[in-house]
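J.: Here is a sequence together with a model predicted from it:
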2 protein chains.
Amino acid sequence: MTESEAAAKFTALAHETRLRLFRLLIVNAPHGLPAGKLAEHLAVAPNNLSAHLNVLSHAGLIAMRKAGRSRIYTARMDTIGETISFLVDECCQGHPEACQPAMSALNSSC
Amino acid sequence: MTESEAAAKFTALAHETRLRLFRLLIVNAPHGLPAGKLAEHLAVAPNNLSAHLNVLSHAGLIAMRKAGRSRIYTARMDTIGETISFLVDECCQGHPEACQPAMSALNSSC
DNA sequence: TCTTCATTTCAAAATAAGTTGAAATATCGA
DNA sequence: TCGATATTTCAACTTATTTTGAAATGAAGA
């Protein structure tokens, strides 16, 4: 992953609505939810939500499949994993103790 | 951490210069580097870098200490750990297999 | 104290991102 | 095919972020 691709992923998460959206999709992985349900859940206008879904999609953080007249969005767990790895990539070089706080926070969530 | 605090942290990482800056500080944890060295390393004007350091500081992702006329910045590994946990917080509820890709990416980096 | 060095602050200009309402597309069931 | 439903697209407007150059701060050494 390049720095600019990674920055695009963080940009996608750098908005309260999109962050809530992404976390909602994580909770609903791997099934996903249709755009309409997402808009309802987050209390956002459908056209506004569509723009946000577009940002997350382009960043590769979510995927979409069609089902009838709905479009179902899902979180891409692979991409988020790569993004986190990219961020903390070289955190242990030389000073393993420096990255302990990050690692322990993570192990307790998943 | 609230959604808006988390979004502020992602905003801080959502810029190529700041992302490079933060990763540079991770590689140099826990010592850190002075503002001048950071500007030199990243080939960015000192005043511009100062603005970016300010964004990362306010987000709580980096810390600063003074040493003579330099200001030394360090990555806050505790905050980044909390931020990542917040993001993938409920990823294992119901469907543990969904978060495997993210977890394995992480374990292999640190 | 004067000068230099390291860095920040400020305000203006430039660029980018988000929101809105109206119109378009595309699928479904009658 | 027609009307209803689900969602996206577009363009305008609004708001926020980034960059720039010049000036300010503050510590160190002569």
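T.: Good, I have the coordinates. Only a predicted model underlies this, so the values are computations on that prediction, with no experimental measurement involved.
J.: When you work out contacts or count neighbours from here on, use the C-alpha atoms and nothing else.
T.: Fine.
J.: and the gap between the residue in chain A that DNA strand C sits nearest to and A:Pro34?
T.: Here chain A gets closest to DNA strand C at one residue, A:Gly68, 2.9 Å apart by C-alpha to the nearest atom of the strand. In this view, A:Gly68 and A:Pro34 are 11 Å apart by C-alpha to C-alpha, to the nearest Å.
J.: Pick out whichever of those two has more residues nearby.
T.: Per other C-alpha atoms under 10 Å in any protein chain shown, whichever of A:Gly68 and A:Pro34 has more neighbours is A:Pro34, with 18 against 7.
J.: which parts of chain A sit against DNA strand D?
T.: Contact residues, chain A versus DNA strand D (C-alpha under 7 Å from any atom of the strand): A:34-37, A:46-51, A:53-54, A:69-72.
J.: Okay, and A:Ile26 sits in which element?
T.: Per DSSP states H and E, A:Ile26 falls inside helix A:16-27.
J.: continuing past that helix, what's the next helix or strand?
T.: Remark: after helix A:16-27, the chain's next helix or strand is strand A:33-34, criterion DSSP H and E.
J.: Show me which positions of the helix or strand that comes right after that next one end up buried.
T.: Toward the C-terminal end, the helix or strand that comes next after strand A:33-34 (DSSP H and E) is helix A:35-42. For helix A:35-42, a neighbour-count test (16 or more other C-alpha atoms under 10 Å in any protein chain shown) marks A:35-36, A:38-39 as buried.
J.: cool, and stretch A:69-89?
T.: A:72-89.
J.: Repeat that for stretch A:57-71.
T.: Buried residues in stretch A:57-71 (16+ other C-alpha under 10 Å): A:57, A:59-62, A:64.
J.: Tell me which of those residues fall in helices.
T.: Among the buried residues of stretch A:57-71, DSSP state H puts A:Ser57 in helices.
J.: From the buried residues of stretch A:57-71, pick the one nearest DNA strand D.
T.: Ranked by distance to DNA strand D (C-alpha to the nearest atom of the strand), the buried residues of stretch A:57-71 are led by A:Met64 at 7.9 Å.
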